[in-house]
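J.: fold the following.
(chains A, B, C and D)
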Number of protein chains: 4
Amino acid sequence: MAGSTFGTIFKITTWGESHGKGIGVVIDGCPSGVPLCEDDIQKYLNRRKPGQSDFSTPRKENDTVRIMSGVFEGKTTGTPISLVVMNETQRSSDYSEIASYYRPGHADYTFDMKYGFRDYRGGGRSSGRETIGRVAAGAVALKILSSLGITVTAYTKSIGEFEVNPDKFDLTQRDTNPLYMPDSDTASECAEYLNSLREKGDSAGGVCECIIKGLPAGIGEPVFEKLDANLSKALVSIGAVKAFEIGDGMDAAKLTGSQNNDPFRYSEGCVCKTTNHSGGTLGGISDGSDIIIRAAIKPTPSIFSEQNTVNKDNENISINIKGRHDPIIVPRAVVVVESMAALTILDMMLVNMSSNIENIKKVYC
Amino acid sequence: MAGSTFGTIFKITTWGESHGKGIGVVIDGCPSGVPLCEDDIQKYLNRRKPGQSDFSTPRKENDTVRIMSGVFEGKTTGTPISLVVMNETQRSSDYSEIASYYRPGHADYTFDMKYGFRDYRGGGRSSGRETIGRVAAGAVALKILSSLGITVTAYTKSIGEFEVNPDKFDLTQRDTNPLYMPDSDTASECAEYLNSLREKGDSAGGVCECIIKGLPAGIGEPVFEKLDANLSKALVSIGAVKAFEIGDGMDAAKLTGSQNNDPFRYSEGCVCKTTNHSGGTLGGISDGSDIIIRAAIKPTPSIFSEQNTVNKDNENISINIKGRHDPIIVPRAVVVVESMAALTILDMMLVNMSSNIENIKKVYC
Amino acid sequence: MAGSTFGTIFKITTWGESHGKGIGVVIDGCPSGVPLCEDDIQKYLNRRKPGQSDFSTPRKENDTVRIMSGVFEGKTTGTPISLVVMNETQRSSDYSEIASYYRPGHADYTFDMKYGFRDYRGGGRSSGRETIGRVAAGAVALKILSSLGITVTAYTKSIGEFEVNPDKFDLTQRDTNPLYMPDSDTASECAEYLNSLREKGDSAGGVCECIIKGLPAGIGEPVFEKLDANLSKALVSIGAVKAFEIGDGMDAAKLTGSQNNDPFRYSEGCVCKTTNHSGGTLGGISDGSDIIIRAAIKPTPSIFSEQNTVNKDNENISINIKGRHDPIIVPRAVVVVESMAALTILDMMLVNMSSNIENIKKVYC
Amino acid sequence: MAGSTFGTIFKITTWGESHGKGIGVVIDGCPSGVPLCEDDIQKYLNRRKPGQSDFSTPRKENDTVRIMSGVFEGKTTGTPISLVVMNETQRSSDYSEIASYYRPGHADYTFDMKYGFRDYRGGGRSSGRETIGRVAAGAVALKILSSLGITVTAYTKSIGEFEVNPDKFDLTQRDTNPLYMPDSDTASECAEYLNSLREKGDSAGGVCECIIKGLPAGIGEPVFEKLDANLSKALVSIGAVKAFEIGDGMDAAKLTGSQNNDPFRYSEGCVCKTTNHSGGTLGGISDGSDIIIRAAIKPTPSIFSEQNTVNKDNENISINIKGRHDPIIVPRAVVVVESMAALTILDMMLVNMSSNIENIKKVYC
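T.: Below is the predicted model:
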């Protein structure tokens, strides 16, 4: 089926493989009149691209985006925006060996089972490079949200057992360390941990958290298109994500109702909650407080130690993966999480515009 | 927008409020030729209906389902199946008071913000009664899956801090205790805990786990319609669910690659994994091993102690909720989780049928 | 697949067979705050129901609609509106004979080929009674459109070779004759023609035309969701419709560009066209002039003369259909065409709300 | 909204403007294992490209397609297929004048009303060049259909008042004249007619007919996703199409039931109809006979004589359009009609695969 499309009104369709000619996305349903240039998008792609620190793969790729359609005289026209990043430095020969077996933790086996064969070069469509399309489209969504007073900010919350210290939480530190952690001290500990793992040829997992500020109350569509349900799908659709939480998440299961309920208070002209265990939704609809979501990301499956697996002739073998791989996925996933959250939030805001007859009259009467 | 539809091919649309005339679902896209009668559905609704134990609301409702269309001479015809449960014992007067204020932890405030007003009787559309439609449709999906050799089984994994002991895990015990726990000893501890909470007018949260056996490899559509992404949306769309996990879930973030990767082995004629940290998917596609998913469910927001909130005149007030409420949601949610998992799995199986040209030729050549 | 859902935002799902328990529709995505009662819907169903003239089947059915959900204190709540009409006077025995063979012009053969068997009673799902769901939902759409200053009016334009005389066109005459023709003289000629056909056991076809007034310019989404493309699908989805036209329709193919182009003029404060060959769209987007569309409707396939066909044992046989049937479909289809046009127009207006950033700011800033 | 996507399973998304960087399409949901190379696609694009005869615009464009993704080692992989045609010879200066006014018969005015402004160069997104994406995707659909024994063949049926003589109908003549008419004599008359119109600076309309052979019975989804309804939308979504017919089309409205019904007969091992007034569907489902559909195409709106219109300052003006334009659209639209028909037919075949439980078991059991 067609699984490469996301969204109902602000709808994106991504395409491309790790070692094909390029990677791209078509944004269909972008409103007209939004100022947009390639730099608006490139700055987000730069946060994702490899080779920027010791903790990402040393491959060098420029990931330069080109706007192919949908923008005229510096503004979106309302027609599809096609964004393309050409692949440049693929060394497909690195991957020829993996054509014959199934790497543990990768999608090699499942792609073969589904499609009968696979583009094995660099993981093909299941490569992390697929997220270029998400980030390019997310940049457009983030720009529109920003013009509506809404910000979406993600960061690394934990790596392995090391977690950001809430007392030292400082978002201004996020971009000062290569791990995108809002706490430089914990970031240093994590760097040490990652170095020790890398020496052993191993890799680490971690948690990415995302906060959305400024979202008005009322966004989300009961009962299946709830805001939290769509954010969950958005984040779990990112490769390597194994869990989604909103607000207190898994911990909410351990609380009692008297601990978990967020009281309402009226103050300074608006209704707000005095706590935010719920993470910004009630009944799947935004309640005007911050949306707080998290994604648990598994350790990079490409590790440099011997692993057992099966080859295409159904023989049990031992393998040693070669190539250039990130020792941790989380830091580069931060901008992907921001992008997916932004795409979800914006789409649901557009979808909500017709939820009551008063809004409809604002546009048509 | 239209948020009450779920699925692409096997598509369901639910309707109805807690205290309206009834609750129902239309299943559109059910294949023809499936034997189906009302009893097939009723047995699942009976697991959901209230009044069955000390730990669910003492309201009595029969929740009798009626097949209105789509079945002829005992078999599905391929046309829409309309299922209706009439509401019977609503005491709307119980709820007249809550019309004027916003209950903490409920969707009262967000519905008002979105729609301008709300059907306040018993929570209206945001009531747990909404899940009747999910369970009725899920029963049909479960019957079809069963005919294809696939089982979907959920249970209560934990309540508050009390968790099923893996050494005592016994699925045959699940239906012998009112908490639907596959471990009678832990169930007894939980019962005690719930009784103590109830005396205090408080409530508990918990975790529901679901295992899907027999699903063939290859189900799930990269990159946005991954199996895990859709299961995540399905479960988080259930009211009160605050987190989703697959396989090791949040814990995967703490592991290293060498711990988390599942080795493949060939044995007894098939490729299988020797561990299942991933929970049955790789790259968002089923890998032939068990699918293992979890939903964290918050404590019932209706508690019987004083709470702060705001009324519709923006006055800060204190309230005491009355009425009949479950001290915990989890046990009655078990069959809802099964239903949503089944609906997702079946729909993605149907969607996968055209994923390669060989399958298409099996049907048309 | 799920083929019983229509619309993107204002989405309807119909269900029910001719001789099942009932017929219904779920409207999902109706904006909140719209005053609605059963009478608003019943008056449209009454125009569709049988037994009202010599030219419709003498079956008597009340087709009484019941609102099951989505309306509270006289207004739509924004949640799904479930509408049900119970079947009353089905005489299934009339149809037992047709179980064994395929009626020419009916869907008996194709349903068997698709689904393996069929509910043969009265045509089952392929019966004209299916349109009850369309008309009930259309009534809601028409009410909303009316509050936005938009009217949708259909009528019988021709029956057989008899066509409304443009010089005598008078919409006030439409509801004064049983054929819903805006020209009583032609209606009389048609009545005579239909009587003569009925005596021979034969039936007639005709054309239904629909005019939409007040639709603002800008509605319709290039390139596949054009307004005319969606109107075309909407009308051709009605059973027995064999052609769709907008504006000059088939005749446009015979014109030259200088004949067919509609000049623009500015006058009395607005841009308008001095002719309307295009029928109200340009590039698939409404241009502010009247939308003019037509549907060609085939003669009733149930005729009372001997016909050749095949039975389920693949034997060539001759049959004589019995039962109660309309000698012409068009007059009862008029309200169905209005309904489908209204559903399309309203949905596309809601979809258009986010087409430019200015509209989005009207709602959110 | 997102209006540039077509299809449910075999889903295409087109992008690009007449004078932007390029035109493209992403095919998502193409089954894996289909042999595919650029030549398979190029041969269809060559039938559409301009400059091939006296009756198409003298602009020269190569319209060379490039496969950017989704094909590996000569076969489709099941992942999105991105096809791009770079624009080459746009002379945007030709169009600078039209920025200031609304061309009659074009989408200039409606795009401005919808989006606030427009890419006026060569019609932007509303240009006929948009159909490159349709034809490129259609080529892939046609290749798959062909492997299933299904052919889709369109041709010019009439131009102005000149119509193919049924007695001289000969499909082998279609590709021997520049008008794609299956009757060389009528083609000659039409050529003369077109030459006379061109001398006057005028243009002609016409009708394109399409025949689909080999489609199995059972394709099409009641009640809104009927095969004819989707074919109708597909064809009317092509710019300049003003009417759709299936089978006898508008003429069916003039027939009686005894004339219009197609009798069934069993012969040579299969059930077939002895006539085909219906055009290959019954109840919106294919009946195994040929599908016969038609699209009426209006005359080219760009004519070279004085026309009245309005400019952006709301002044009434007279204009004379310059540039390079086809005196008739129909011949170049023939391959577009084939493409849209093929995309619809293939998608509905994939959608139909799960219509009964027996088909499902063929794939999974």
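J.: which residues in the stretch 101-250 of chain A form helices?
T.: Per DSSP state H, counting those that start in this stretch, the stretch 101-250 of chain A carries helices over the ranges A:108-115, A:131-147, A:184-199, A:227-236.
J.: of these, which stretch is the most buried?
T.: helix A:227-236 (a mean of 29; mean count of other CB atoms under 10 Å in any protein chain shown). (C-beta placed from N, C-alpha, C; glycine too.)
J.: how many neighbours does the closest residue in space to residue A:311 that isn't next to it in sequence have?
T.: Residue nearest to residue A:311 in three dimensions, not counting chain neighbours: residue A:101, with 4.1 Å by CB to CB, 6 or more residues apart in numbering or on different chains. As a burial measure, residue A:101 scores 20 neighbours (other CB atoms under 10 Å in any protein chain shown).
J.: residue A:101 contacts residue A:321, correct?
T.: No: using CB atoms under 8 Å, residue A:101 is not in contact with residue A:321, being 10.0 Å away.
J.: okay, the helices of the stretch 101-250 of chain A in CSV with distance to chain B next?
T.: Below are those laid out as CSV (distance: least, CB to the nearest CB, whole Å):
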stretch, distance to chain B
helix A:108-115, 4
helix A:131-147, 8
helix A:184-199, 6
helix A:227-236, 4
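J.: so where is the stretch 1-150 of chain A shaky, pLDDT-wise?
T.: Low-confidence segments of the stretch 1-150 of chain A (pLDDT under 70): A:1, A:57-59, A:89-95.
J.: residue of it nearest chain B, please.
T.: Using CB to the nearest CB, the single residue of the stretch 1-150 of chain A nearest to chain B is residue A:107, 2.5 Å away.
J.: nearest residue to that residue other than its sequence neighbours?
T.: Per CB to CB, 6+ apart, closest to residue A:107 is residue B:283, 2.5 Å.
J.: that neighbour contacts residue A:237, correct?
T.: No: with contact defined as CB under 8 Å, residue B:283 and residue A:237 do not form a contacting pair (11.0 Å).
J.: between these two, what contacts are shared?
T.: Common neighbours of residue B:283 and residue A:237, using CB atoms under 8 Å, 6 or more residues apart in numbering or on different chains, are residue B:226.
J.: what residues does the stretch 51-200 of chain A have near chain C?
T.: Counting by CB under 8 Å from any CB of the partner chain, the positions of the stretch 51-200 of chain A adjacent to chain C are A:78-79, A:144, A:147-149.
J.: mind listing what the residue nearest to residue A:107 touches?
T.: A:106-107, A:110-111, A:126, A:239, B:220, B:222, B:226 are the contacts of residue B:283 under CB under 8 Å, 6+ apart.
J.: including distance to residue B:180, could those go into a markdown table?
T.: Converted to a markdown table, those look like this (distance: CB to CB, whole Å):
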| residue | distance to residue B:180 |
| --- | --- |
| A:106 | 36 |
| A:107 | 34 |
| A:110 | 32 |
| A:111 | 37 |
| A:126 | 37 |
| A:239 | 34 |
| B:220 | 28 |
| B:222 | 34 |
| B:226 | 28 |
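J.: out of those residues, which is most surrounded?
T.: The contacts of residue B:283, ranked by neighbours (other CB under 10 Å): first place residue B:220, 31 neighbours.
J.: re the thing from before, quick check: the farthest pair among the residues of the stretch 51-200 of chain A next to chain C?
T.: Across these, no pair lies farther apart than A:79 and A:149, at 26.4 Å, counting by CB to CB.
J.: with neighbour numbers in mind, choose between those two.
T.: residue A:79 (33 against 12).
J.: element containing that one, please.
T.: For residue A:79, there is no enclosing helix or strand under DSSP states H and E.
J.: show me the contacts for it.
T.: Contacts of residue A:79 (CB under 8 Å, 6+ apart): A:69-70, C:222, D:4, D:15, D:17, D:119, D:124-125.
J.: show me the two of those that sit farthest apart.
T.: D:4 and D:119 (14.6 Å).
J.: distance to residue C:187 for the helices of the stretch 101-250 of chain A - can I get that in TSV?
T.: Shown next, in TSV, are those (distance: least, CB to CB, whole Å):
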stretch	distance to residue C:187
helix A:108-115	61
helix A:131-147	55
helix A:184-199	83
helix A:227-236	53
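J.: tell me which of these lies nearest to residue B:317.
T.: helix A:227-236 (27.4 Å).
J.: tell me what angle that closest one forms with helix B:227-236.
T.: 160 degrees (axes from the mean of the first three to the mean of the last three CA atoms, to 10 degrees).
J.: got the contact list for helix A:227-236?
T.: Contacts of helix A:227-236 (CB under 8 Å, 6+ apart): A:6, A:219-220, A:241, A:243-244, A:246, A:279, A:281, A:284-286, A:291, A:293, A:295, A:337, A:340-341, A:343-345, A:347-348, B:224, B:226, B:228-230, B:232-237, B:242, B:244, B:246.
J.: what distance do you get for the residue nearest to residue A:311 to residue A:312?
T.: 7 Å (CB to CB, to the nearest Å).
J.: please see if stretch A:44-55 touches chain B.
T.: No: taking CB under 8 Å from any CB as the criterion, stretch A:44-55 and chain B are apart, separated by no less than 14.0 Å.
J.: buried residues in that stretch, which are they?
T.: Using 16 or more other CB atoms under 10 Å in any protein chain shown as the test for burial, stretch A:44-55 gives A:44-45, A:47-50, A:52, A:55.
J.: check contacts around the residue lying closest to residue A:304 once chain neighbours are set aside.
T.: Excluding the flanking residues, the one nearest residue A:304 by CB to CB, 6+ apart is residue A:201, at 3.3 Å. Residue A:201 makes contacts with A:303-305, as judged by CB under 8 Å, 6+ apart.
J.: and these, which are buried?
T.: A:303-304.
J.: going by distance to residue D:23, which of the contacts of residue A:201 wins?
T.: Nearest member of the contacts of residue A:201 to residue D:23, counting by CB to CB, is residue A:303, at 43.7 Å.
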